[in-house]
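Chemist: just the structure for this:
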Amino acid sequence: MQPEEIKKLIEDELDSVEAQVSGDGSHYEAIVVGDIFAGKSMVEQQRMVYGPLNAFIINGDIHALTIKAYTPDDWKTAQKLRVSCELHTY
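Modeler: Residues are numbered from 1 along each chain as shown. Below is the predicted model of the structure:
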């Protein structure tokens, strides 16, 4: 399964989210950003993203999936922190 296929599944099934998916054919990482995650626990957020992918996890097309879910505000903060950390790497 290609990362683009997983991205499409996530974006088609979850209302108004944007996804970035990378991977090597069986192990993937998904960063998913959307207002739908507001007020949800990390477990709830991950369940929401796993939902449209469950059949592919069960049949083995997706062996491993790391999910990072953010609200748009949390994503902006994460990006700032990431840039800040990169600037201070020695």
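Chemist: show me the shaky parts of the protein.
Modeler: Applying pLDDT under 70 to the chain picks out residues 83-90.
Chemist: spell out the residue ranges of the helices in it.
Modeler: Secondary structure of the chain (DSSP state H): helices at 3-13, 42-50, 54-58, 72-87.
Chemist: in the second one, what counts as buried?
Modeler: What that stands for is helix 42-50. Gln45, Gln46, Met48, Val49 (16 or more other CB atoms under 10 Å). Using the backbone N, CA and C atoms, a C-beta is placed for each residue, glycine as well.
Chemist: what about the spatially closest residue to the first one that is not a sequence neighbour, how many neighbours?
Modeler: Ranked by CB to CB, 6 or more residues apart in numbering and with sequence neighbours excluded, the top spatial neighbour of Gln45 is Ala69, at 3.8 Å. Ala69 is flanked by 24 other residues according to other CB atoms under 10 Å.
Chemist: so what's Ala69 up against?
Modeler: Counting by CB atoms under 8 Å, 6 or more residues apart in numbering, Ala69 touches Ile31, Val32, Val33, Gly34, Phe37, Met42, Gln45, Gln46, Met48, Val49.
Chemist: how about a cut-off of 7 Å?
Modeler: Val32, Phe37, Gln45, Gln46, Val49 (CB atoms under 7 Å, 6 or more residues apart in numbering).
Chemist: quick one, what contacts the closest residue in space to the last one that isn't next to it in sequence?
Modeler: Just to be clear, that refers to Val49. The shortest distance from Val49 to any non-neighbouring residue, by CB to CB, 6+ apart, is to Ile67 (4.9 Å). Counting by CB under 7 Å, 6+ apart, Ile67 makes contact with Ala30, Val32, Gln46, Val49.
Chemist: ok so, going back, okay if I get the contacts of Ala69 as CSV plus distance to Glu4?
Modeler: Below are these laid out as CSV (distance: CB to CB, whole Å):
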residue, distance to Glu4
Val32, 15
Phe37, 22
Gln45, 22
Gln46, 21
Val49, 16
